[in-house]
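> Model the structure of this input:
(one chain, ligands or ions: 1)
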Amino acid sequence: MANTNSILADAAGKEASTLSLYRLLEPEVLANPYPLYRQLRTEDPVHWDPFLHAWVVTRYADVVNVLSNFSANRTYTPEQLDSMGLAGISPIAKVMVQQMLFMDAPMHTRLRGLCAVAFTPQRVEVMRAHIQEIADSLIDQVLESGRMEVIADFAAPLPAIVIAEMLGIPASDHVELKNWSADFAEMLGNFQHNPNRTQSVLRSLENLIEYFGRMIAELRKKPRPGLVNALIEAQVDGDRLSEEEIIANSILTMVGGQETTTNLIANGILTLLRNPAQLKQLRDDPSIIQVAVEELLRYESPSQYTGRLAHEDVELGGKKIRKRQAVLAVMGAANRDPEKFADPDHLDLTRKDNRHVAFGWGAHFCFGAPLARIEGQIAFATILRRLSNLQLEPSPLVWRDNLGLRGLTALQVSFTASRN
Ligand code: HEM
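Below is the predicted model:
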């Protein structure tokens, strides 16, 4: 009997580990997570992952439900971390608990309302010509060499410069801001905690706090347009944001606006290179660019999953989720759900009715989406217009070990300069 029990336990353990999102730590699963997502969606769409101690939700309808109805207030407070013996990372938690991404209404509504005014479609549309100039000047710098590393030469600096300008801080600081942001993004995009990285993440966070503190002091003396200034001046019912709130949400906007957009551009170029017929289709008919960017967002979503907590005991997909249990909504899987998208593993740059969840859903729907969309449209259109014979260089593709924010470490390509 004991033997039968242990065989059953082994089988259950094996099944659980086969379906665990921890398998993203295996390089081949990280390179192509979609078979794992498909298995989860078909075998156990609301799956208790004992390794992550969280529910993993992969069907489109369930992901939308979780993003609409579950609590975003999910970071440990510094006090909780102290009691868990993780006091070392409480400076990070102290910033995160003040960021809108981790809040529910009414605090979330108040903060988001103040920040979102700077990113309306009308506000970012006026940036279009300037973003085009930045994209062209980055391409100018690599044109003669006939090759580029898409991320370092283009996909990283483009959003870094744009977001610095939108925040109203010097664009010339974009290189160090980018490095600090990448460190902080490790905390936003990951479920695995890597103790070896804690010290550098903490140092980068200190640098970011110090940097924005200095900017706020400068802007108070000499205001310049931009999000940071808007937050300094914002008043809700006579109430102003504290300096800590301004810093925390400037950091969130900066980090949110960089990693993801970099990954949209680089993942998108890789996807096009892997699908030469679609690349040619877009090159031949640039008028489809808006719809094409939506499809690239769906197909290789830069933000693969996000977390929530259950407000109360609730049933989802026939499973009982208990109050305060963690739920991971896997947008990367929902975006390949055949119940929602016909032939979901096929890249269709003119796909109709493409209501993907790459920017999330509901109250926390990405408020940078209008900006990210314009950056993506300009990036792909400029690369295809100015570079011909775009080819992948024969170097191995290494995916970043930030599991939530899907992107490559580098993407080497060669090309010839277009004449037109
Ligand atoms: C392709 C690029 C982008 C992708 C894929 C993306 C994805 C997302 C997703 C999935 C969420 C929701 C997370 C959740 O519900 O837990 C989100 C929220 C957010 N994004 Fe983006 N994002 C992108 C670009 C940007 C840009 C350019 C900015 C800044 C201008 C930005 C700033 C934010 C902020 C501040 C939030 C939090 C909103 C809230 O909590 O109400 N993102 N983003």
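
> Might you calculate how far stretch 281-297 sits from the centre of the chain?
Chain-centre distance of stretch 281-297: 21 Å, with CA atoms, centre = their mean, to the nearest Å.

> same question, stretch 76-87
That offset, for stretch 76-87, works out to 26 Å (CA atoms, centre = their mean).

> Show me what it is in contact with.
Ile89, Ser90, Pro91, Ala93, Lys94, Val97 (CB atoms under 8 Å, 6 or more residues apart in numbering). For the C-beta atoms, the positions are set from N, CA and C on the backbone; glycine is no exception.

> ok, the second one - contacts?
With contact set as CB under 8 Å, 6+ apart, Ser90 has these partners: Pro78, Leu81, Asp82.

> Check the burial of the second one by counting its neighbours.
Right, the one you point to is Leu81. 19 (other CB atoms under 10 Å).

> Could you look up the next helix or strand downstream of the helix or strand hosting it?
Secondary structure assignment for Leu81, by DSSP states H and E: helix 78-83. Proceeding N to C from helix 78-83, the next assigned helix or strand is helix 90-96, under DSSP H and E.

> CA-only coordinates of that next one in PDB, if you can.
Provided in PDB are the C-alpha atoms of helix 90-96 (Å, rounded to 0.1, in the frame of the first residue of the first chain):
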ATOM      1  CA  SER A  90      12.500  45.700   2.200                       C
ATOM      2  CA  PRO A  91      13.800  48.900   0.500                       C
ATOM      3  CA  ILE A  92      12.500  47.500  -2.700                       C
ATOM      4  CA  ALA A  93       9.100  46.600  -1.200                       C
ATOM      5  CA  LYS A  94       9.000  50.100   0.300                       C
ATOM      6  CA  VAL A  95       9.000  51.600  -3.200                       C
ATOM      7  CA  MET A  96       6.800  49.000  -4.800                       C
END
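
> Mind checking if it is in reach of the ligand?
No - Helix 90-96 stays clear of the ligand (CB under 6 Å from any ligand atom), getting no nearer than 11.6 Å.

> buried sites along the next helix or strand along the chain from that helix?
With elements assigned by DSSP H and E, the helix or strand that comes after helix 90-96 is helix 107-116. Under the neighbour-count criterion of 16 or more other CB atoms under 10 Å, helix 107-116 has His108, Arg110, Leu111, Arg112, Leu114, Cys115 buried.

> Make TSV out of the contacts of Ser90 and add pLDDT.
Output for the contacts of Ser90, formatted as TSV (pLDDT from 0 to 100):
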residue	pLDDT
Pro78	78
Leu81	80
Asp82	82
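
> pLDDT below threshold where in the chain?
1-16, 118, 188-194, 236-237, 420 (pLDDT under 70).

> try 80
Low-confidence segments of the chain (pLDDT under 80): 1-16, 78, 84-86, 116-123, 186-197, 235-239, 419-420.

> Please tell me how far the residue of it found nearest the ligand sits from Val124.
Residue of the chain nearest the ligand, by CB to the nearest ligand atom: Gly368 (2.0 Å). According to CB to CB, to the nearest Å, Gly368 and Val124 sit 9 Å apart.

> Quick one: the contacts of Ser90 as TSV, columns for distance to the ligand too.
Below are these laid out as TSV (distance: CB to the nearest ligand atom, whole Å):
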residue	distance to the ligand
Pro78	20
Leu81	20
Asp82	25
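
> Let me know the closest of those to Pro338.
Leu81 (40.9 Å; CB to CB).

> ok, the contacts of Ser90 vs Pro27, which is closest?
For the contacts of Ser90, the nearest to Pro27 is Leu81 (30.8 Å; CB to CB).

> roughly how far apart are that closest one and Met96?
Leu81 is 11 Å from Met96, by CB to CB.

> try Phe415
41 Å.

> So for these two, which sits in the more crowded spot?
Looking at Phe415 and Met96 with other CB under 10 Å, you find the greater number of neighbours at Met96, namely 23 against 19.

> thinking that one is in contact with Met187, fair?
Yes - counting by CB atoms under 8 Å, Met96 touches Met187, with 7.2 Å between them.

> Pull up the residues of the stretch 301-420 of the chain that are close to the ligand.
Residues of the stretch 301-420 of the chain lying near the ligand (CB under 6 Å from any ligand atom): Pro302, Ser303, Thr306, Ala358, Phe359, Gly360, His364, Cys366, Phe367, Gly368, Leu371, Ala372.

> So Leu40, which state does it fall into?
The local conformation at Leu40, judged by DSSP: H, G, I helix; E, B strand; the rest coil, is helix.

> Over to Lys320?
strand.

> if you skip the residues just before and after it, what's nearest to it?
In space, and not counting its chain neighbours, Lys320 is closest to Asp313: 6.7 Å by CB to CB, 6 or more residues apart in numbering.

> Cross-check the contact I'm expecting between the one you found and Gln325.
No - using CB under 8 Å, Asp313 is not in contact with Gln325, being 9.1 Å away.

> the strands in this structure, which residues?
Here the chain has its strands, by DSSP state E, at 46-49, 54-57, 147-149, 235-236, 239-240, 305-309, 314-316, 319-321, 326-330, 387-392, 412-417.

> Indicate which one of those strands is closest to Ser181.
strand 305-309 (18.0 Å).

> Show me the contact partners of that closest one.
Here strand 305-309 makes contact (CB under 8 Å, 6+ apart) with 21, 54, 66-67, 70-74, 191, 324-332, 360, 404.

> dump the residue contacts of Ala266.
Ala266 touches Val150, Ile151, Ala155, Gly407, Leu408, Leu411, counting by CB under 8 Å, 6+ apart.

> how far away is it from Thr409?
10 Å.

> tell me, what's touching those two both at once?
What both Ala266 and Thr409 touch, as defined by CB under 8 Å, 6+ apart, is the set Ile151.

> Give me the buried subset of the contacts of strand 305-309.
By 16+ other CB under 10 Å, the contacts of strand 305-309 give 21, 54, 66-67, 70-72, 74, 191, 325-332, 360, 404 as buried.

> for the biggest helix by length in the chain, which positions count as buried?
In the chain, taking DSSP state H as the definition, the longest helix is helix 243-274. Judged by neighbour count using 16+ other CB under 10 Å, the buried positions of helix 243-274 are 243, 245-272.

> cool, stretch 386-406 as well?
Buried residues in stretch 386-406 (16+ other CB under 10 Å): Arg386, Leu387, Leu390, Trp399, Arg400, Asp401, Asn402, Leu403, Gly404, Leu405, Arg406.

> ok, the residue nearest to Tyr299 when sequence neighbours are not counted to Asn402 distance?
With CB to CB, 6+ apart as the measure, Leu347 is the residue that lies nearest to Tyr299, at 5.3 Å, once sequence neighbours are left out. Using CB to CB, Leu347 is found at 24 Å from Asn402.
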